[in-house]
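A.B. asks: Here's a sequence, model it:
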Amino acid sequence: MVRQLKYHERKLLKKVDFLQWKSTDNVHEISIIRKYRLPNREEYTKYNKMCGNIKRLAGRVSLLNPRDP
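C.D. replies: Here you go, the predicted structure:
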C-alpha cells in the first residue's frame with residue numbers, strides 16, 4: 001500500500017524521466033521533447049542537427065556579396 005503523492009511531489013516527478021535516467025543531463029532538451037510531444041530523443045537530435053545546418057547555411061549566404069550573381 002503506497003500513499004498518494006503530495007502536490008509538490010507530483011510536480012517534481014513530472015520533470016523526471018525514469019526510463020532514461022542516466023541520459024537526462026540536458027533539462028532543456030527534455031523540456032523541448034515534452035513540449036512538442038516527440039516520441040523519442042533521436043528525433044529531437046535529428047531535428048536539432050538539421051536546424052544547425054540551416055542556420056549555418058543562412059549565415060554563409062548572408063556573407064555573400066549581394067551584387068555578385
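A.B. asks: Show me what the longest helix seen in the chain is packed against.
C.D. replies: In the chain, assigned by DSSP state H, the helix with the most residues is helix 41-63. If you count contacts as 3 or more Cβ pairs under 8 Å, 6 or more residues apart in numbering; DSSP states H and E, helix 41-63 packs onto helix 27-35. Every residue, glycine included, has its C-beta placed from N, CA and C.
A.B. asks: Flag every buried residue along the helix-or-strand element of the chain with minimal mean pLDDT.
C.D. replies: Sorting the helices and strands of the chain by mean pLDDT, DSSP states H and E puts helix 27-35 at the bottom, at a mean of 86. Residues of helix 27-35 classed as buried by neighbour count (16 or more other Cβ atoms under 10 Å): 30, 33.
A.B. asks: helices and strands around that helix, which ones?
C.D. replies: Using 3+ Cβ pairs under 8 Å, 6+ apart: helix 27-35 touches helix 41-63.
A.B. asks: mind exporting the helix it packs on as PDB, just the C-alpha atoms?
C.D. replies: Provided in PDB are the C-alpha atoms of helix 41-63 (Å, rounded to 0.1, in the frame of the first residue of the first chain):
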ATOM      1  CA  ARG A  41      15.200  11.600 -28.300                       C
ATOM      2  CA  GLU A  42      16.700  10.600 -31.600                       C
ATOM      3  CA  GLU A  43      14.000  12.600 -33.500                       C
ATOM      4  CA  TYR A  44      15.000  15.700 -31.500                       C
ATOM      5  CA  THR A  45      18.700  15.200 -32.200                       C
ATOM      6  CA  LYS A  46      18.000  14.900 -36.000                       C
ATOM      7  CA  TYR A  47      15.800  18.000 -35.900                       C
ATOM      8  CA  ASN A  48      18.400  19.900 -33.900                       C
ATOM      9  CA  LYS A  49      21.200  19.000 -36.300                       C
ATOM     10  CA  MET A  50      19.100  20.000 -39.300                       C
ATOM     11  CA  CYS A  51      18.300  23.400 -37.700                       C
ATOM     12  CA  GLY A  52      22.000  23.900 -37.100                       C
ATOM     13  CA  ASN A  53      22.800  23.100 -40.700                       C
ATOM     14  CA  ILE A  54      20.200  25.500 -41.900                       C
ATOM     15  CA  LYS A  55      21.400  28.200 -39.600                       C
ATOM     16  CA  ARG A  56      25.000  27.800 -40.700                       C
ATOM     17  CA  LEU A  57      23.900  27.800 -44.400                       C
ATOM     18  CA  ALA A  58      21.900  31.000 -43.800                       C
ATOM     19  CA  GLY A  59      24.900  32.600 -42.200                       C
ATOM     20  CA  ARG A  60      27.100  31.700 -45.200                       C
ATOM     21  CA  VAL A  61      24.500  33.100 -47.600                       C
ATOM     22  CA  SER A  62      24.300  36.400 -45.700                       C
ATOM     23  CA  LEU A  63      28.100  36.800 -46.100                       C
END
